[in-house]
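Undergrad: Quick one: sequence and predicted model below, then my questions.
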Amino acid sequence: MVYPFSSPNGYEERLNQQFSGYIYYSLQIGPELLNSLHEDLGISFSEEATVVAHQNAPLQRYTDTGTDREIDWVIADRDKLVGYESKYGDSLSSNQLEDELDKLELNAEGRDVILITVTPHTTRPRILGRFEDDPVHWISWSNISRQLTHIEETDIQAEQRPVLRMLQDLFEAEDMHPFTGFDHHDKLQYRYFIRDLRQELDQTAIENPGKVNTSTTKDPEPSSWKRLVPKRLDIPFVRESRDDTWKRQRSYLTATVDTETHEVHAGIVFNLREIKSHREYVADSLEELIEYAGERELQLWASMNSLNQWKEGVPRTDDPAEMRSWLEGGNKNAVRAGGTDFKKAIFVNDCSASDPAVVVQNTKNELLRQFEDFLISDDLYPWSTLEARE
């Protein structure tokens with residue numbers, strides 16, 4: 001059915017009014033729907049929760065010295081006063097957030113104060129780093145949309161279900177779709193998968209620096225670098241503190257999506273050809289690596305510059321003896337598989353699942369496990385980072 005109301009169509013004020021209006025009516029039934037949207041923030045509202053202010057009826061008290069900011073909507077219960085600053089197109093301003101915190105404090109009447117920023121960003125806006133010591137949180141509109149999609153109607157009161165459907169329809173009307181599974185006819189699902197995965201990893205120490213490697217073609221001997229049909233999406237993740245010069249000179253964690261089979265894998269890429277420390281590590285720690293792969297049921301892949309090779313493909317094995325043969329059989333800086341020398345050794349785990357939410361979680365968990373094993377712990381990898389150590 002077509003959304004029966006006027007779609008916000010990118011207008012911040014319309015989205016705020018409709019979203020806060022639906023929340024207002026859901027709270028007349030109970031806080032369960034609202035609480036489901038705040039699970040990742042660790043915030044829970046009691047039965048007394050209600051919308052106490054919005055753009056057309058703002059909080060009354062404001063400081064004599066500060067600007068009288070209009071907080072987009074405010075929810076209060078017995079213990080806390082929570083204000084929401086929503087952005088749909090404009091940027092966040094530190095002065096505005098400071099003024100809004102002051103205004104919430106002035107109206108708190110003994111309750112705890114929380115300010116939540118809601119923006120369309122994929123990851124946490126950098127400006128919020130200035131508020132690390134303040135009760136300021138962030139959530140994205142797309143994350144709210146995704147959480148609404150994952151709520152099962154059978155898990156909430158019957159009276160809440162129409163409100164849930166209206167909220168879901170609102171975000172569908174705004175084209176803020178969550179990842180709902182790979183679809184050969186809907187290429188945007190690849191983008192949604194990357195966005196949702198980046199959001200899941202937002203508060204961790206690894207990040208995707210906005211890079212996706214897709215350069216390939218079905219033609220095994222392409223005439224140009226303009227590629228239209230990637231074999232795989234190679235989504236690299238690096239340590240958050242590292243600069244963005246990693247590219248081919250460094251090893252990295254990766255998530256891959258096969259665009260034909262829609263298999264998803266996650267793991268670690270050792271660039272043996274170009275990073276001396278990594279080929280020394282693989283040579284010195286061969287048995288430990290193979291034992292680790294066997295315990296974790298990992299596959300070993302071999303690759304050239306890119307995981308996207310239509311002609312050679314990506315050789316893969318889960319057999320320990322074959323892993324040893326591949327890693328020992330090449331020259332000093334290569335993996336030799338099927339008579340070909342490859343540059344990279346990649347240990348991956350299959351993260352595929354029928355449930356889209358499970359695919360995202362499996363991929364997140366595998367990246368975090370290998371981050372811990374190879375970048376934090378010294379049991380396998382004797383350095384604190386995967387950057388080159390020449």
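TA: Yep, that arrived. Residues are numbered from 1 along each chain as shown.

Undergrad: Compute the number of surrounding residues for Lys187.
TA: A count of nearby residues for Lys187, using other C-beta atoms under 10 Å, gives 10. Heads up, the C-betas are built off the backbone N, CA and C, glycines and all.

Undergrad: what separates it from Val264, distance-wise?
TA: Computed as C-beta to C-beta, to the nearest Å, the Lys187 to Val264 distance reads 16 Å.

Undergrad: in this structure, which ranges drop under the pLDDT threshold?
TA: 1, 62-67, 209-210, 213-229, 239-251, 309-312, 377-390 (pLDDT under 70).

Undergrad: just so I have it, where are all the helices in it?
TA: 12-27, 32-37, 94-107, 141-150, 161-173, 188-200, 276-284, 286-296, 320-329, 356-371 (DSSP state H).

Undergrad: Of all these, which one is nearest Trp73?
TA: helix 12-27 (3.9 Å; C-beta to C-beta).

Undergrad: Which elements pack onto the closest one?
TA: helix 32-37, strand 50-54, strand 73-76, strand 80-86, helix 161-173 (3 or more C-beta pairs under 8 Å, 6 or more residues apart in numbering; DSSP states H and E).

Undergrad: okay, the last one in PDB with CA atoms only?
TA: This means helix 161-173. Extracted C-alpha coordinates of helix 161-173, given in PDB (Å, rounded to 0.1, in the frame of the first residue of the first chain):
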ATOM      1  CA  ARG A 161       1.500  -3.200  15.800                       C
ATOM      2  CA  PRO A 162      -0.300  -0.500  13.800                       C
ATOM      3  CA  VAL A 163       2.200   2.000  15.100                       C
ATOM      4  CA  LEU A 164       5.100  -0.200  14.100                       C
ATOM      5  CA  ARG A 165       3.600  -0.600  10.600                       C
ATOM      6  CA  MET A 166       3.200   3.200  10.300                       C
ATOM      7  CA  LEU A 167       6.800   3.700  11.300                       C
ATOM      8  CA  GLN A 168       8.000   1.000   8.900                       C
ATOM      9  CA  ASP A 169       6.000   2.600   6.100                       C
ATOM     10  CA  LEU A 170       7.400   6.100   6.900                       C
ATOM     11  CA  PHE A 171      10.900   4.900   6.400                       C
ATOM     12  CA  GLU A 172      10.000   2.900   3.300                       C
ATOM     13  CA  ALA A 173       8.400   6.100   1.900                       C
END
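
Undergrad: got the contact list for Asp196?
TA: For Asp196, the contacting residues are Ser142, Arg146, Pro178, Phe179, Val360, by C-beta atoms under 8 Å, 6 or more residues apart in numbering.

Undergrad: can you list those residues in CSV and add neighbour count and distance to Glu32?
TA: Converted to CSV, the contacts of Asp196 look like this (neighbours: other C-beta atoms under 10 Å; distance: C-beta to C-beta, whole Å):
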residue, neighbour count, distance to Glu32
Ser142, 22, 22
Arg146, 24, 18
Pro178, 23, 20
Phe179, 22, 24
Val360, 26, 23
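
Undergrad: Dump those into TSV; add distance to Asp350 as well.
TA: TSV is the format used below for those (distance: C-beta to C-beta, whole Å):
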residue	distance to Asp350
Ser142	26
Arg146	23
Pro178	23
Phe179	18
Val360	14
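
Undergrad: which one of the residues you listed sits closest to Gln18?
TA: When the contacts of Asp196 are compared for distance to Gln18 (C-beta to C-beta), Ser142 comes out closest, at 16.5 Å.

Undergrad: ok, now how distant is that closest one from Leu164?
TA: Distance from Ser142 to Leu164, by C-beta to C-beta: 17 Å.

Undergrad: just Ser46 next, same as before
TA: From Ser46 across to Leu164, the span is 20 Å (C-beta to C-beta).

Undergrad: ok, the two, which is more surrounded?
TA: Remark: of Ser46 and Leu164, Leu164 carries more neighbours, 18 against 11, as counted by other C-beta under 10 Å.

Undergrad: Just list the residues touching that one, thanks.
TA: Ser26, Leu33, Leu148, Ile151, Glu153, Ile156.

Undergrad: For the last one, give me its contacts.
TA: The neighbours of Ile156, taking C-beta under 8 Å, 6+ apart as the test, are Glu32, Leu33, Ser36, Leu164.

Undergrad: Quick check: the gap between it and Glu288.
TA: Where Glu288 is concerned, Ile156 sits at a distance of 49 Å (C-beta to C-beta).
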